[in-house]
Structure formats: C-alpha cells, structure tokens
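Student: need the 3D shape of this:
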Amino acid sequence: MATIYEVAALAGVSLATVSRVMNGNVKVSEKSRIKVKSAMKELGYQPNIIAQSLASNRTNRVGVLVSELSGPFFSYMLAVVESALREEGKHAIITAGHSDVEKEKDAIEFLLGCRCDALILHIDAVSDEYLLKLRERNVPFSLINHYIEDIAECCFTMDNEQGGYLATKSVIDAGHTQIAYISGPEFKEDAQLRLQGHKRALAEAKIAFDETLHYYGNYNEDGGKAGFDELSSQQFTALICANDEMATGAMYSARKHGLSLPEDLSIVGFDDQVFARYTYPTLSTVKNPIAELGSMAAKWVLKEVYQINTNEPINNVFEPTLITRNSTQSL
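Tutor: Below you'll find the predicted structure:
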C-alpha cells in the first residue's frame, strides 16, 4: 500500500503540500495540486479518511436533497452533482424530501447529523424563513430552482416564467389561438412561474386566458393523461404541458381519443429530457439546463466551502431555450 511519503516523492513536493492538497487547503498552487493528485492516482494512494477529517475539521461529505429519487429529471441532476464533487475528492450523501415540509426538514437534519460540510438543496416545501434560519446556523448551502433575494449568491435558477412564455408563444406564432395548458402542482414555484409565462404570451397576443382550458397536473405521466382526458371536452388545437413527462402522458391519451399528432393537435413540453428526442412524434419542448444548474451549485460549494477554484465563473441565472421538433405544426 502506497504511503504519503511516496506520493510526496513522486510529485516532487513536501509532505506538508500533500497534506494541504488532501485537506483542500487553499494555500496550494494549482500546479502542485495537479501533481499531487496525479501521483495519488498513479500510486493508488488512499488517504486515511478519519485522520484527514480530524486534521481539517472537514468530512468531505456534501449532503444533497431532492424532491424525488425516481424519474429521469432528478437522476440526471444527481449524476452531474455527484460527478462534480467526486472530481474534487468530495462525496455526496443523497436523500429525498418528497415535497413535504416535515420530510424536507427531517432530511436536512439527517444530512447535518451525517456531519456534511455543506448542502445542495432542491426543495419544494420548506419556507424561506426556515432556510434563512439555517443560514444563521452557519450551515453553508446552495439552492437549485429556488430564489431568495437575501441569499441570492447561493441560488441557482432558470427563468421559468420566460420558459413558459416561449412554449406558448411558439404555438401562437404557428397560428394557434385555441390553446390548452396542463400545469405542474399549484404549490411548486416553478409551476407557478411557467403558468405566469403562459398567461403573458396569451395576453401579448390578445388571447383571453380560459380557465376551462387549464388543468393542474402533477409532473408525472399520469397527470398528463388525466389532464388531457379532463380537457378533451373542450376545443383546442394546441396543448402546452409544464414538463415533458406530462406531455408524453397527454400524447398517449390524445391518441386514445383518436387524434393524430401533430395534424389534429400540437403539443409542447418543458425540460428537454432525453426521451423527448425519441417520442413519436419527437417532442417540441423548452430546454431546462438542469445539468448546468446542478454543476454550478456543486462548484459554488467547492469554491465557498473548500476554497477550490474551478476557474469557471459562477453563474446564478440560466435562460431557457425553445427546442422545436415534430410534435408541433402551423395551422
């Protein structure tokens, strides 16, 4: 088994420099850090985690809380976050809050009980007041998909209102005026903002928002199916869904009702999940840069908590992009 002495010799640095690199000390040049990491990898050196933790007062653990562990959306985000942390020798402890206040609080306390050095949170239910009090406890954390003005520097969001606007404007520009909408759960911040964007696009085109053409879904395929079934008694030529999973559910139900897509109905989703490229027809959608959001939240933790500079500027707000595929057509 390799020793710290062999690492120092191979890297051509002092024992103190090797120790600083392992402990994430900022007082190490990037050149020396790369040399030490390369030597550790070549020798297969594994530091003593307990000793390292005692010496640095760090556990190299980062707690990650998301709404759910199932589904492609969160699994993709978690993969990106874990990879960004692992690249710098940090490990993610992952749990779910299930969009419930008490479960989210319990999950956060669990992560703190695991002596995580920092948290990365994708929350739905806990209040801003609770999060601000968490900050007062000197708990470092970054927030994904939620904005609090007092701690804006650690919030990483996409402009969901603009995304909702782009989705609806795309079908308006294609000549549609009878437009239905399946939104996400009413209590979710991103769902509220996407619905606001939808309404803005309608108002801009002088199309009245019709509540009978609106259904609150649940961000799952069954919500899209139920939404279309509920709306099917109304007249509409385009349907906007607040995420891709509901869009695929709506596509399924539309076909069961005998509709051809996009000839009888144009459908637009939101998120641009991988499967959107393989549905039939392929799904027009709004790209949600969840990978970039997760990566940036992790890099903020690495920079602010571990003083590791990734040489990439911290970007807090990302813009949505319309992706036009075959599920929409002009009238």
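
Student: buried set for stretch 124-131?
Tutor: Judged by neighbour count using 16 or more other CB atoms under 10 Å, the buried positions of stretch 124-131 are 124, 125, 126, 131. For every residue, glycine as well, the C-beta is placed using N, CA and C.

Student: same check, this time on stretch 97-105
Tutor: Of the residues in stretch 97-105, those buried under the neighbour-count criterion (16+ other CB under 10 Å) are 97, 99, 103, 104, 105.

Student: same check, this time on stretch 174-191
Tutor: Of the residues in stretch 174-191, those buried under the neighbour-count criterion (16+ other CB under 10 Å) are 174, 176, 179, 180, 181, 182, 183, 184, 185, 188, 190, 191.

Student: distance of residue 94 from residue 142?
Tutor: Residue 94 is 15 Å from residue 142, where distance means CB to CB, to the nearest Å.

Student: go on, residue 303?
Tutor: In this structure, residue 303 lies at 10 Å from residue 142, with CB to CB as the measure.

Student: more crowded one of the two?
Tutor: Each of residue 303 and residue 142 had its neighbours counted (other CB atoms under 10 Å), and the higher figure belongs to residue 142 (28 against 15).

Student: which SSE is the more buried one in?
Tutor: strand 141-144 (DSSP states H and E).

Student: how far does that strand sit from the chain's center?
Tutor: Computed by CA atoms, centre = their mean, to the nearest Å, the chain-centroid distance of strand 141-144 equals 10 Å.

Student: quick check: neighbours of it in the sheet, parallel or antiparallel?
Tutor: Listed by DSSP bridges, the sheet partners of strand 141-144 and their directions read strand 118-121 (parallel), strand 155-158 (parallel).

Student: next helix or strand past the first one?
Tutor: Right, strand 118-121. If you walk from strand 118-121 toward the C-terminus, the next helix or strand you reach (DSSP H and E) is helix 128-136.

Student: sorry, back to before: now, among the buried residues of stretch 124-131, which is nearest to residue 247?
Tutor: Of all those, the one with the least separation from residue 247 (CB to CB) is residue 124, at 20.7 Å.

Student: which residue comes closest to the closest one once chain neighbours are left out?
Tutor: Counting by CB to CB, 6 or more residues apart in numbering, residue 124 lies nearest to residue 99, which is 4.1 Å off, once chain neighbours are set aside.

Student: likewise residue 221?
Tutor: residue 249 (3.7 Å).

Student: which ones are touching that neighbour?
Tutor: Residue 249 makes contact with 220, 221, 222, 223, 224, 225, 226, 227, 228 under the criterion CB atoms under 8 Å, 6 or more residues apart in numbering.

Student: for residue 74, see how far away it is.
Tutor: Looking at residue 249 against residue 74, where the rule is CB to CB, the gap reads 18 Å.

Student: circling back: now, which of the buried residues of stretch 124-131 sits nearest residue 329?
Tutor: With CB to CB as the yardstick, the closest approach to residue 329 among the buried residues of stretch 124-131 comes from residue 124, at 35.0 Å.

Student: these two touch, right, that closest one and residue 96?
Tutor: No - in this structure, residue 124 sits apart from residue 96 without contact. The criterion is CB atoms under 8 Å, and the distance is 10.7 Å.

Student: can you list residues touching both of those two?
Tutor: Common contact partners of residue 124 and residue 96 (CB under 8 Å, 6+ apart): residue 67.

Student: residue 2 versus residue 9, what's the distance?
Tutor: Residue 9 sits 10 Å away from residue 2 when distances are taken as CB to CB.

Student: please read the previous query as pertaining to residue 188.
Tutor: When CB to CB is applied, the distance between residue 188 and residue 2 equals 49 Å.

Student: domains for this structure, by residue range?
Tutor: Domain assignment for the chain, taken from automatic domain parsing, gives 4-55, 59-157+290-318, 160-288.

Student: nearest to residue 328, out of these?
Tutor: When these are compared (using CB to CB), the closest one is domain 160-288, at 4.0 Å.

Student: now the end-to-end length of the closest one.
Tutor: Across its full length, domain 160-288 reaches 9 Å between end residues, using CA to CA, to the nearest Å.
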